[in-house]
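**Student:** need the 3D shape of this:
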Amino acid sequence: MIKNYMEIIVSEVLDEVIKNYDICKCEDCIDDIKSIALNNLSPVYFLASDDEGEKKAFLLDRQRRISVLAKVAEAAEIVINNDHNKNKNEG
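**Tutor:** Below you'll find the predicted structure:
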């Protein structure tokens, strides 16, 4: 089985961002942020049989996490500026 480890990093970083910023936490907004960020990052797949140390090193790489944080922040900004919940509350 293969798994895109970029999805794991995006989820972890987004969880951290959500705790510290005023971002809508509804499932639609979270999914929108994740999808925008992931579409702007290269996927990185590992096989289940790949070395666990290699997978862990990928997930803990500081520079990679900073790059992902930048993409998640950009995605969050897009979603905040186009929040579908604003339209629900204004009507």
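**Student:** contacts and neighbour counts: CA atoms only from here.
**Tutor:** OK.
**Student:** report the rounded mean pLDDT for the helix or strand that Ile66 is a member of.
**Tutor:** Using DSSP states H and E, Ile66 sits within helix 62-81. In this model, helix 62-81 has a mean pLDDT of 95.
**Student:** how distant is it from the center of its chain?
**Tutor:** Computed by Cα atoms, centre = their mean, to the nearest Å, the chain-centroid distance of helix 62-81 equals 7 Å.
**Student:** how about the strands in the protein?
**Tutor:** For the chain, the strands defined by DSSP state E occupy 2-4, 45-47.
**Student:** out of those, which gets nearest to Asp15?
**Tutor:** strand 2-4 (17.7 Å; Cα to Cα).
**Student:** in stretch 72-84, what counts as buried?
**Tutor:** Residues Val72, Ala73, Glu74, Ala75, Ala76, Val79, Ile80, Asp83 are the ones in stretch 72-84 that count as buried (16 or more other Cα atoms under 10 Å).
**Student:** can you give me every residue that contacts the closest residue in space to the third one that isn't next to it in sequence?
**Tutor:** Right, the one you point to is Glu74. Spatially, and ignoring its direct neighbours in sequence, Glu74 is nearest to Ala37 (7.6 Å; Cα to Cα, 6 or more residues apart in numbering). Residues near Ala37 by Cα atoms under 8 Å, 6 or more residues apart in numbering: Val10, Val68, Lys71, Val72, Glu74, Ala75.
**Student:** and the pLDDT for Ala37?
**Tutor:** 98.
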